[in-house]
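# Dropping the sequence and predicted coords here.
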Amino acid sequence: MSAVHRRDGELWMEGVRLADVASRFGTPCYVYSRAAIEGAWRAFDEGLAGTDHLVCYAVKANANLAVLALLARLGSGFDIVSGGELARVLAAGGRADRVIFSGVGKSEAEIRAALAAGIRCFNVESEPELERLDRLAGEAGVRAPVSLRVNPDVDAGTHPYISTGLKGNKFGIAHDRALAAYDLAARLPNLRVTGIDCHIGSQILDMAPLEEALDRVLELAAAVAARGIPVTHVDVGGGLGIRYREEETALDIGRWCAAVGRRLAGTGYAVVVEPGRSIVGNAGVLLTRVEYLKLDKDRRFAIVDASMSELIRPALYEAWHEIAPLAALDRPDAVYDVVGPVCESSDVLGTDRRLAIEAGDGLAILSAGAYGMAMASNYNSRPRPAEVMVDGARAAEVRARETIASLFAGESTLG
Ligand code: LLP
């Protein structure tokens, strides 16, 4: 489930004891396993080996340069949603011709930067965006490669905040408008239609909605081709769910790749996948330390030094992350709500957890490699934590903890 294991009562990641990481780099602190990240990426690459494919890691899940550089070295492509992510990918050694640009609100500056870099494809989400892209490509003297993100109107059966494939949400071009949008794209002189794409949501644990979406997209691709508009690739998005708790079963990467391969066999399309969470989610943990046990209320609180500022998923999506002591120590156990120091009742990392802990003990919040640091904020003027990459027996800081001074370095008073 997670990239950590217990040995003699202590929690380890690869050949590194996490208690040592906590002492050396301080808490809160994110820690990622190189082997776990590379292993998950390879599961996609090998799973699709029989099909012309490109695995485009969804940068939004974890945009640390060290993560991107590992994947770039493996030959990964990247799914980006901003000019900031493009800059990160290029800085990490990623190839522009393996970058696809998703997102509903690409600005002119972002589109210009992506055209100048020479990315592989723009995943366009609306007709006005097609027109903007055509104009900017004309100004740059290039033809922009375009795929249309269609909304297949399939219920991914996931949390409503991370569901994107239904009619009523802002993503994609409605299924019944897709052909008209392709006609427009084909007419615009500075665009070159290359593909079709969809992404129906995240943390999907059942393969059926993903398969249904793919079938609908393939039907549409055939209808587009019948109008004389050639589609050369099909982008099936990301969304594969991981295992956060023991009783869950992750969506199996190999099975999903096999299902995609079967459907694409004989079509001549290349396939693009955009996994984020399933590559980094289980590869990371957030280390924290117990500040106080507060036992004077109806509930018992373990107040720790991480909070919703560092990991917002429990507060925002009621997400469940396993919380495990770094060492199994001889302590009385009790049921706690594990909460942070931030002044919000929603600043909860886990409720009703049976833990044998005392103030000062270290804890790991598991499966925090995706949408953890990437969604961290400075709320309550908290510096964002350090990030550490483990590689065998080595632990290297890949992002320094922010300093308090840096939090207001760009601010000034009226004077
Ligand atoms: N492609 C597109 C167009 C996306 O919007 C996303 C995620 C992905 C790929 C990658 O999806 P993944 O394989 O990671 O499921 N913050 C939320 C998740 C938001 C996902 C947004 N889009 C969370 O913490 O659960």
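Looks like it arrived, so ask away. Numbering: from 1, shown residues only.

# okay, now S107: neighbour count?
12 (other CB atoms under 10 Å). C-beta: built from backbone N, CA, C; applies to glycine.

# Find me the pLDDT at it, would you?
In the prediction, the pLDDT value recorded for S107 is 98.

# That one and G83 touch, don't they?
Yes. In this structure S107 lies within contact range of G83 using CB atoms under 8 Å: 7.4 Å.

# Show me how far the helix or strand harbouring L214 is from its chain's centre.
Taking DSSP states H and E as the definition, L214 sits inside helix 207-226. For helix 207-226, the distance from its own C-alpha centre to the chain's C-alpha centre is 24 Å (CA atoms, centre = their mean, to the nearest Å).

# And the ligand, is it touching that?
No. Taking CB under 6 Å from any ligand atom as the criterion, helix 207-226 and the ligand are apart, separated by no less than 10.8 Å.

# Outside of the following helix or strand past that helix itself, list whatever touches it.
Using DSSP H and E, the helix or strand that directly follows helix 207-226 along the chain is strand 233-235. For strand 233-235, contacts defined as CB atoms under 8 Å, 6 or more residues apart in numbering pick out 56, 100, 121, 123, 147, 194-198, 214, 217-218, 221, 264, 267, 269-274.

# mind running it again at 6 Å?
Outside strand 233-235, the residues that touch it by CB atoms under 6 Å, 6 or more residues apart in numbering are S147, G195, I196, D197, Y269, A270, V271, V272.

# Ok, stretch 6-23 next?
3-5, 31, 33, 35, 287, 326-328, 362, 364, 388, 390, 392-393, 395.

# Please, a ChimeraX command that selects the buried ones among those?
Filtering the contacts of stretch 6-23 down to the buried ones (16 or more other CB atoms under 10 Å) takes a single ChimeraX command:
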select :3,4,31,33,287,326,362,364,388,390,395
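
# So which of the contacts of stretch 6-23 are in strands?
In strands, judged by DSSP state E, the following of these are found: V4, H5, V31, S33, L287, G362, A364, V388, V390, A395.

# Assign a three-state SS to the residue in the stretch 301-415 of the chain positioned nearest to the ligand, would you?
Nearest to the ligand in the stretch 301-415 of the chain, going by CB to the nearest ligand atom, is Y371, at a distance of 3.1 Å. For Y371, the secondary structure call by DSSP: H, G, I helix; E, B strand; the rest coil comes out as coil.

# which residues of the stretch 101-250 of the chain score low on pLDDT?
For the stretch 101-250 of the chain, the stretches flagged by pLDDT under 70 are 162, 165-167.

# For it, which residues are neighbours of the ligand?
Residues of the stretch 101-250 of the chain lying near the ligand (CB under 6 Å from any ligand atom): S102, I162, H199, S202, Q203, G237, G238, G239, L240.

# Does the fourth one touch G238 like I think?
Spelled out, it's S202. No. Applying CB atoms under 6 Å, one finds S202 not in contact with G238, separated by 7.0 Å.

# ok now do the spatially most central residue of the chain, which residues does it touch?
By CA atoms, centre = their mean, the chain has its centre lying nearest to A61, at 2.1 Å. When contacts are counted by CB under 6 Å, 6+ apart, A61 touches G276, R277, V280, A370, Y371.

# what does R95 give?
R95 neighbours (CB under 6 Å, 6+ apart): none.

# oh, and call the first residue 9 from now on, that's how I've got it
With the count now opening at 9, the last piece we talked about shows up as R103.

# Next one: it from S84, what distance?
9 Å (CB to CB, to the nearest Å).

# cool, and G249?
Distance, G249 to S84, using CB to CB: 21 Å.

# quick one: contacts for A121?
By CB under 6 Å, 6+ apart, A121 lies in contact with G91, L94.

# That one: helix or strand, and which one exactly?
helix 116-125.

# ditto for G274
Judged by DSSP H and E, G274 forms part of no helix or strand.

# burial of it, as a residue count?
7.

# Assign a three-state SS to the closest residue to the ligand within the stretch 109-258 of the chain, would you?
Using CB to the nearest ligand atom, the closest approach of the stretch 109-258 of the chain to the ligand is made by G246 at 2.7 Å. Each residue gets one of three states, and G246 gets coil by three-state DSSP.

# Number of residues surrounding it?
26.

# Ramachandran angles for it?
When read as degrees, to the nearest 10, the backbone of G246 gives phi -120, psi -140.

# and if you look at A408?
Dihedral angles (degrees, to the nearest 10) for A408: phi -80, psi 150.

# what residues are up against the closest residue to it other than its chain neighbours?
Leaving aside its sequence neighbours, A408 sits nearest to A394 (CB to CB, 6 or more residues apart in numbering; 6.0 Å). Contact partners of A394, counting by CB under 6 Å, 6+ apart, are F33, C37, E405, A408, R409.

# in the sheet, who's paired with the nearest residue to the first one once chain neighbours are set aside?
Distance criterion CB to CB, 6+ apart; nearest residue to F33, sequence neighbours excluded, is A394 at 5.0 Å. Here A394 shows beta-bridge partners C37, assigned using DSSP bridges.
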